[in-house]
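[1] Need coordinates for the following:
(one chain, ligands or ions: 1)
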Amino acid sequence: MSGQTVILLDGHAPSPADLDWLLVSRALAFGEGVFTSLRVADGQVVFLEDHLWRLQSGLQALRLPLDVIDWMLLQQEMQQLATQQQDGMVKVMLLAGPGGRGYQRSPDLVWHRFLHARPLTIQSEAYQGISCWWQPSPGIAAETSSKHLNRLTQVLASINCPSGYNEALHHDEKGQITEGIARNVFWFARGCWHTPALAAGPLAGVMRRQILATLQDEGVEEGFYQLQDLLDAEEVLLCNSLQGIWPVTELHGTAGCLARWRVGPQTRRLMADFHPSLGLPLI
Ligand SMILES: Cc1ncc(COP(=O)(O)O)c(C=O)c1O
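    The predicted structure follows:
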């Protein structure tokens with residue numbers, strides 16, 4: 001079963017009858033729902049607690065009580081697919097069913113669990129350092145920190161990023177740095193790591209949370225930053241919980257090359273801390 005694609009919808013293989021509710025669901029109509037993508041290595045979900053926390057915070061951001069989902073059952077399903085998959089990823093979506101009047105939600109709405117296990121493509125060369133494109137964020141959605149199903153910002157951002165760049169780094173309309181297309185950003189400057197605060201607009205990434213916890217004792221600053229802060233950095237990285245840490249070695253924009261960085265000891269150390277459990281390469 002390892003490496004295959006497997007889908008569970010409310011605990012079963014989906015049947016044609018599921019289309020009856022799915023096609024008229026609020027998840028499809030309005031993007032009402034949350035998701036997360038889990039790395040599976042050695043048959044285990046990596047950072048399970050953080051992913052559950054993020055799904056729960058996402059539902060709270062949608063003003064929902066947590067008991068719309070049976071969390072024990074969901075956890076069992078995640079582990080079942082991780083055991084089958086051994087190495088790969090599982091996408092978990094919590095989907096709002098049909099109901100309500102227009103945008104207004106009905107109080108007895110049914111929520112559905114959708115789990116999709118599949119292989120993960122690892123871009124080995126990215127762990128040596130990537131080239132990144134500096135671009136404005138295409139738009140700011142509501143509840144930027146939660147991983148809701150409205151991902152048009154990221155879809156447009158990836159269309160806007162020229163080919164040849166592994167990722168883009170975004171700024172908002174005030175020029176403040178937010179995050180990558182599908183990654184959070186950290187940089188090391190003047191003896192300390194920095195990352196945009198959640199209030200600056202990034203997603204509350206699981207990998208971001210893990211890195212913040214690791215760096216807690218040595219000091220890490222969460223704040224509001226401009227391009228100049230990044231240009232002053234010694235090391236820069238992008239991260240997510242599926243593909244770990246990608247060192248950033250070049251930043252380009254419409255004006256040409258904006259900065260170059262080395263893959264330094266601070267980044268190597270974080271890769272060494274996290275990549276073995278994620279089953280990912282070191283530099
Ligand atoms: C917009 C955005 N930011 C950050 C991340 C990183 O999140 P995580 O570390 O939870 O994978 C993702 C992941 O897909 C993302 O889509």
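
[2] Quickly list the domain ranges of this structure.
    For the chain, the domain assignment from automatic domain parsing gives the residue ranges 6-118, 124-278.

[3] who in the protein is up against the ligand?
    154, 179, 182-184, 203, 205-208, 240-242 (C-beta under 6 Å from any ligand atom). (Glycine included, C-beta is placed from N, CA and C.)

[4] So which of those sit within helices?
    The helices, defined by DSSP state H, take in Gln154, Val206, Met207, Arg208 from these.

[5] count of residues packed around the third one?
    As a burial measure, Met207 scores 26 neighbours (other C-beta atoms under 10 Å).

[6] Please verify my assumption that it contacts Leu238.
    No: Met207 is beyond contact range of Leu238, at 9.5 Å (criterion: C-beta atoms under 8 Å).

[7] intersection of neighbour lists for the two?
    The contact sets of Met207 and Leu238 overlap at Arg183, Asn184, Ile245 (C-beta atoms under 8 Å, 6 or more residues apart in numbering).

[8] And the helix or strand containing the last one, what's buried?
    Going back to what we said before, that points to Ile245. Using DSSP states H and E, Ile245 sits within strand 244-253. Using 16 or more other C-beta atoms under 10 Å as the test for burial, strand 244-253 gives Gly244, Ile245, Trp246, Pro247, Val248, Thr249, Glu250, Leu251, His252.

[9] And Ser2, what's its pLDDT?
    Looking at Ser2, its pLDDT reads 61.

[10] Could you list which residues are in contact with Phe35?
    Going by C-beta under 8 Å, 6+ apart, Phe35 touches Leu55, Lys91, Val92, Met93, Leu94, Lys147, His148, Leu149.

[11] Try it again at 7 Å.
    Phe35 makes contact with Lys91, Val92, Met93, Lys147, Leu149 under the criterion C-beta atoms under 7 Å, 6 or more residues apart in numbering.

[12] ditto for Asn150
    Gly31, Ala141 are the contacts of Asn150 under C-beta under 7 Å, 6+ apart.

[13] And the helices in this protein?
    18-22, 26-30, 48-61, 71-85, 152-160, 206-215, 227-231, 265-278.

[14] Nearest to His171 among these would be which one?
    helix 227-231 (6.8 Å; C-beta to C-beta).

[15] Not counting residues beside it along the chain, what's closest to the residue in the chain positioned nearest to the ligand?
    The chain approaches the ligand most closely through Gly205 (3.1 Å), counting by C-beta to the nearest ligand atom. Excluding the flanking residues, the one nearest Gly205 by C-beta to C-beta, 6 or more residues apart in numbering is Asn184, at 4.3 Å.

[16] Check Ser124 too.
    Pro281 (5.7 Å).

[17] what pairs with the closest residue to Leu258 other than its chain neighbours across the strands?
    Of all residues not flanking Leu258 in the chain, Leu251 sits nearest, at 4.6 Å (C-beta to C-beta, 6+ apart). Leu251 has these beta-bridge partners by DSSP bridges: Cys132, Ala259.

[18] Could I get the contacting residues of Leu251?
    Cys132, Trp134, Leu169, Leu258, Ala259.

[19] how near is Glu167 to Ser57?
    Going from Glu167 to Ser57 by C-beta to C-beta, to the nearest Å gives 25 Å.

[20] Over to Val68?
    Plainly put, Val68 is 14 Å away from Ser57 if you go by C-beta to C-beta.

[21] Pull out the buried residues from stretch 141-148.
    Under the neighbour-count criterion of 16+ other C-beta under 10 Å, stretch 141-148 has Ala141, Thr144, Ser145, Ser146, Lys147, His148 buried.

[22] before we move on, what about stretch 39-58?
    Within stretch 39-58, the residues that count as buried by 16+ other C-beta under 10 Å are 39-41, 45-47, 50-52, 54-58.

[23] Residues touching it, excluding its own?
    Contacts for stretch 39-58 (C-beta under 7 Å, 6+ apart): 34, 36, 38, 66, 71, 78-79, 82-83, 85-90, 92, 94, 146-148, 204, 206, 209-210, 241-242, 277-279.
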